[in-house]
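> Need coordinates for the below:
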Amino acid sequence: ESATVCAAVGNASNAAVAAARLGVSSALRAYVGRDAYGAECLEVLRKEGVDTEYMVTQDGKHTNYHYVLWYESQRTILVKHEEFDYAPPALVQEPKWVYLSSLAANSLPYHNAMLEWIKKYPNCKLAFQPGTFQMKLGKEALAGWYARSDIFFCNKEEAERILGMPSGTDIKALLSAIRALGPKTVVITDDTRGCYAMDENGSALHCPRYPDARAPYEITGAGDALASTTVCALSLGKNLGEALRWGSANASAVLQEIGAQKGLLSREQLEKNLANPPAPFEVTPI
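Below you'll find the model as predicted:
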């Protein structure tokens, strides 16, 4: 019926754009080919206010171009990662946060190099939102990243897959088991039931979906919005409960637009939505 091109999308780039719209300084480390689509992606990022200094353009490579097949309320994403020549970036100063997300199936050496790289920044906090191929690498292969994470994000089905637990496992058991892998704080999303979190003290919280009466229009990017906005709120000094409310509200806005970035809110609009929710919207202990 229709096709919409959404340039410069992907888990990490979605996070960078979400941060920039919220007024948080963000830079993206990602790879594009020296082609027209790669140039378009860079231009979109610059227009969004994302620092592209650490982007890499490689000759002889094709910029990743994925397809979202969208039917009714569901979608399937067809992914093929180009095999780029990965290397850690040379930063001019220590970042306050690093947000690690989806990488290709051949990226284990890059993960290992980056794990050594981040040791140079002991005060930097790490958010880890693994993509499909990172989960397939297995929790053992990425044990160092789990252990280094200050906050970890995935959905309920992904948590069960990572842990090798059966479908329907109790959410608190999943939170505890992921935390046992090393992350200080764990957030697990659960579709219409919102998200659940466990902090470094073992206290668990539930944040419902933001109470927008409208049905979701297109769901791509909602998880990225929740995770990245939660991290942005934490970086701005919000507590975990309030950060989850930020994440849920921004995810709700993304659900009303095609693609992962169009619906992302400015900080002014996000705070307005949080101050005036259409129904009670509170985080509760579980």
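> all helices of the stretch 1-150 of the chain, in order?
For the stretch 1-150 of the chain, the helices defined by DSSP state H, counting those that start in this stretch cover 11-21, 36-47, 108-118, 132-137, 143-148.
> Who are the packing partners of the fourth one?
Counting contacts by 3 or more Cβ pairs under 8 Å, 6 or more residues apart in numbering; DSSP states H and E, the secondary-structure elements packed against helix 132-137 are helix 108-118, helix 156-163. C-beta coordinates here come from the backbone N, C-alpha and C atoms, glycine included.
> Work out which residue lies at the spatial centre of this structure.
Closest to where the C-alpha atoms of the chain average out (Cα atoms, centre = their mean) is residue 224, at 3.7 Å.
> Just give the number of residues close to residue 191.
12 (other Cβ atoms under 10 Å).
> Can you give me the separation between it and residue 122?
Look at residue 191 and residue 122: by Cβ to Cβ, to the nearest Å, they are 37 Å apart.
> what's the helix or strand of the chain with the lowest mean pLDDT in contact with?
Lowest by mean pLDDT, DSSP states H and E among the helices and strands of the chain is strand 74-78, with a mean of 91. If you take Cβ atoms under 8 Å, 6 or more residues apart in numbering as the criterion, strand 74-78 is touched by 66-69, 218-220.
> Filter those residues down to just the buried residues.
68, 218-220 (16 or more other Cβ atoms under 10 Å).
> Out of these, which comes closest to residue 166?
residue 219 (24.9 Å; Cβ to Cβ).
> hmm, back to that, which stretch among the helices and strands packed on helix 132-137 is buried most, on average?
Highest mean neighbour count of those: helix 156-163, a mean of 18 (counted as mean count of other Cβ atoms under 10 Å).
> still on that earlier bit, touching, the residue nearest to the centre of the chain and residue 18? I think so.
Yes: here residue 224 reaches residue 18: they are 7.4 Å apart, a contact under Cβ atoms under 8 Å.
> where in the stretch 101-250 of the chain is pLDDT low?
For the stretch 101-250 of the chain, applying pLDDT under 70 flags no range at all.
> So residue 224: helix, strand or coil?
helix (DSSP: H, G, I helix; E, B strand; the rest coil).
> So what's the residue count around the residue nearest to it when sequence neighbours are not counted?
Spatial nearest neighbour of residue 224, chain neighbours left out: residue 14 (4.1 Å); criterion: Cβ to Cβ, 6 or more residues apart in numbering. The number of residues packed near residue 14 is 28, by other Cβ under 10 Å.
> wouldn't residue 14 be in contact with residue 259 here?
No: assessed by Cβ under 8 Å, residue 14 is found out of contact with residue 259, at 9.3 Å.
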